[in-house]
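Chemist: quick one, what's the 3D model for this:
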Amino acid sequence: MSLSHMEDMPLSHSGPQGTHRPSWKQWFLYSTIVILLFLCSFSTLILTFLPLKTASEPCVAKFGPLPSKWHMTSPKLPCVNNTADWNLKILRNGLYLIYGQVAPNTTYKEPAPFEVRLCKNKDVIQTLTNNSTIQNVGGTYELDAGDTLHLKFNDEHQVLKNNTYWGILLLTNPQFIS
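Modeler: Residues are numbered from 1 along each chain as shown. Next comes the predicted model:
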């Protein structure tokens, strides 16, 4: 038996002339896309069948503008407790919307730089440094019972208290419906 005809055969199984096989990079890209689509679909299904409980009672607290004091909407089932001016203590776990407006005093000329900090416990979660325009403060945060929030100023004369306020709104409780 002669093996001479085997010398002319290619080593790979190629398709018809002009076609090429996708490289490993394309396979990797396609498989990554498929896995991401699967994970998104799976997480959507989980969130659909295990929705978060919405807050049963509205719980809103707002401080300022003048008169500078805390205003609570639901004293029966409070979600927060005012500990001092510009300070709050969270009483219930949940997803909260923090909102506010800071109006800088443009006539303030002392050496302390303009800086307003929104703090959770001892951590700064937002800083405002633009003293030329009214700025919004806040965002959506997951807070736990016992957390404290406060709005700090480098100097209390840096802001116009008659046009500065902040507040908090309980959006949802994190317990899943069973």
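Chemist: C-alpha from now on. contacts and neighbour counts both.
Modeler: OK.
Chemist: longest strand in this structure, by residue count?
Modeler: In the chain, with assignment by DSSP state E, the single longest strand is strand 165-176.
Chemist: which parts of it are buried?
Modeler: Buried positions in strand 165-176, judged by neighbour count with 16 or more other Cα atoms under 10 Å: 165-174.
Chemist: same deal with stretch 89-107?
Modeler: Buried residues in stretch 89-107, counted by 16+ other Cα under 10 Å: 89-105.
Chemist: lowest-confidence one in the buried residues of strand 165-176?
Modeler: Within the set of these, pLDDT is lowest for residue 174 (62).
Chemist: Provide a list of residues in contact with the most centrally placed residue in the chain.
Modeler: Centroid-nearest residue in the chain: residue 140, 5.1 Å away (criterion: Cα atoms, centre = their mean). Residue 140 sits next to 95-98 when contact means Cα atoms under 8 Å, 6 or more residues apart in numbering.
Chemist: quick check: bridge partners of it?
Modeler: Legend: beta-bridge partners of residue 140 under DSSP bridges are residue 97.
Chemist: what ranges do the helices span in this structure?
Modeler: Ranges of helices in the chain, per DSSP state H, are 24-49.
Chemist: least confident secondary structure element in it?
Modeler: Scoring the helices and strands of the chain by mean pLDDT, DSSP states H and E places strand 52-54 at the bottom, with a mean of 52.
Chemist: how long is stretch 97-108 end to end?
Modeler: This stretch, stretch 97-108, spans 30 Å end to end (Cα to Cα, to the nearest Å).
Chemist: quick one: contacts of it?
Modeler: The contact list for stretch 97-108 (Cα under 8 Å, 6+ apart) reads 131-141, 157-161, 163-171.
Chemist: ok now that stretch, how far from the chain's centre?
Modeler: With Cα atoms, centre = their mean, to the nearest Å as the basis, stretch 97-108 stands 21 Å off its chain's centre.
Chemist: again with stretch 119-138
Modeler: On the basis of Cα atoms, centre = their mean, stretch 119-138 sits 15 Å off its chain's mean C-alpha point.
Chemist: who's in contact with that stretch?
Modeler: So stretch 119-138 is contacted by 97-106, 114-118, 147-152, 166 (Cα under 8 Å, 6+ apart).
Chemist: ok, now with 10 Å
Modeler: Here stretch 119-138 makes contact (Cα atoms under 10 Å, 6 or more residues apart in numbering) with 87-89, 97-106, 108, 113-118, 139, 141, 143, 146-153, 158-160, 163-168.
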